[in-house]
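Undergrad: I would like the atomic coordinates for the input below:
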Amino acid sequence: MKKAILFACLTLCGCVTNRTDPTYNGADSGAVVFAAGLTGTCEGFSFEYRNLHPQPGLLTSKIDGRIMYSSKSIRFWGRKEDFSGEESGIVTIHHLEPGEYELYTFTIYGTYNGIGHFDWFPQHEFSLKFTVTPGKAIYLGDFNCVGQTQKNFLGFEGDAGGYFVISDKHDRDLPIAQKQEPNLPPPALAVPDVDRAGEPTLRSRKRY
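TA: All right, here's what the predicted structure looks like:
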């Protein structure tokens with residue numbers, strides 16, 4: 001897993017493209033339900049997805065969809081966690097244009113050995129596809145970021161990134177989603193098979 005000092009940047013491209021809009025309200029919109037949570041030392045993460053066949057838009061910068069969670073931002077905005085325990089997090093619903101999408105990268109935020117804030121991200125992009133259908137809903141699963149630690153040369157424990165457990169927890173998550181949107185169509189299960197992704201930081205179960 002790569003590690004980089006956290007900084008803000010904006011990349012502009014010369015082509016015309018459109019952004020992935022998680023609040024799309026067209027008559028043909030479809031819904032995507034997911035949970036995002038943290039276990040252990042993780043401070044937060046952003047798991048990105050993109051439209052594989054976007055329609056031409058008017059923006060000059062591409063903004064992909066994000067499955068995000070940060071315990072600090074949740075407290076800042078005053079939102080309560082939807083579930084807590086070993087894993088704490090929220091359930092979110094995105095409304096998207098119909099089409100084929102893929103989850104392809106992520107960033108984990110944390111502090112490394114107490115010397116600053118860092119990002120951890122995968123060595124290579126991967127591809128976990130899902131399809132959005134007009135008027136339908138799907139459940140992508142629970143994206144649980146599990147923090148890892150390691151000792152520095154002084155013997156002190158510090159954050160060392162983490163890995164994701166992406167699993168089916170629809171019994172917990174879908175009742176929460178139905179309370180958020182009572183008119184939500186019953187979501188079909190569409191949890192990706194991460195064991196076939198070839199990315200060691202994506203797992204279907206927690207490893208001890």
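Undergrad: Helices of this structure, residue ranges please.
TA: Using DSSP state H, the helices found in the chain span residues 71-77, 170-180.
Undergrad: Can you say which of these is nearest to Gly99?
TA: helix 170-180 (21.3 Å; C-beta to C-beta). Yep, even glycine has a C-beta here, placed from its N, CA and C like the rest.
Undergrad: What residues sit buried inside that closest one?
TA: Using 16 or more other C-beta atoms under 10 Å as the test for burial, helix 170-180 gives 170, 173-174, 176-178.
Undergrad: So which elements touch it?
TA: strand 30-39, strand 88-96, strand 137-151 (3 or more C-beta pairs under 8 Å, 6 or more residues apart in numbering; DSSP states H and E).
Undergrad: give me the low-pLDDT residue ranges for the protein?
TA: 1-19, 56-62, 73-78, 112-116, 149-160, 206-208 (pLDDT under 70).
Undergrad: Let me have the helices of the chain in TSV, extended by distance to Tyr109.
TA: Output for those, formatted as TSV (distance: least, C-beta to C-beta, whole Å):
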stretch	distance to Tyr109
helix 71-77	9
helix 170-180	23
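Undergrad: what about Leu96, distance to Gly65?
TA: 7 Å (C-beta to C-beta, to the nearest Å).
Undergrad: typed the wrong thing, it's Ile108
TA: Applying C-beta to C-beta to Ile108 and Gly65 gives a distance of 18 Å.
Undergrad: ok, those two, which is more surrounded?
TA: Ile108 (29 against 19; other C-beta atoms under 10 Å).
Undergrad: Is that one in contact with Cys145, as I believe?
TA: Yes - Ile108 lies in contact with Cys145 (C-beta atoms under 8 Å); the separation is 6.1 Å.
Undergrad: all strands in the protein, in order from the N-terminus.
TA: Secondary structure of the chain (DSSP state E): strands at 2-5, 30-39, 44-51, 65-70, 88-96, 99-111, 117-121, 128-132, 137-151, 157-167, 188-189, 202-203.
Undergrad: Those: which one's closest to Asp21?
TA: strand 88-96 (7.2 Å).
Undergrad: Show me what the closest one is packed up against.
TA: strand 30-39, strand 65-70, helix 170-180.
Undergrad: Adding distance to Asp21, write the helices and strands packed on helix 170-180 out as a markdown table.
TA: Putting those into a markdown table (distance: least, C-beta to C-beta, whole Å) gives the following:
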| stretch | distance to Asp21 |
| --- | --- |
| strand 30-39 | 12 |
| strand 88-96 | 7 |
| strand 137-151 | 17 |
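Undergrad: Out of those, which is the most enclosed?
TA: Comparing the helices and strands packed on helix 170-180 by mean neighbour count (mean count of other C-beta atoms under 10 Å), strand 30-39 comes out on top with a mean of 23.
Undergrad: Which strands or helices does that strand pack on?
TA: strand 44-51, strand 65-70, strand 88-96, strand 128-132, strand 137-151, helix 170-180.
Undergrad: circling back to that earlier point, anything in contact with each of Leu96 and Gly65?
TA: Jointly contacting Leu96 and Gly65 under the rule C-beta atoms under 8 Å, 6 or more residues apart in numbering are 20, 22, 51.
Undergrad: Now that we have those residues, can you turn them into CSV and tack on neighbour count and distance to Leu189?
TA: As requested, those are exported to CSV (neighbours: other C-beta atoms under 10 Å; distance: C-beta to C-beta, whole Å):
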residue, neighbour count, distance to Leu189
Thr20, 20, 22
Pro22, 16, 20
Asn51, 22, 22
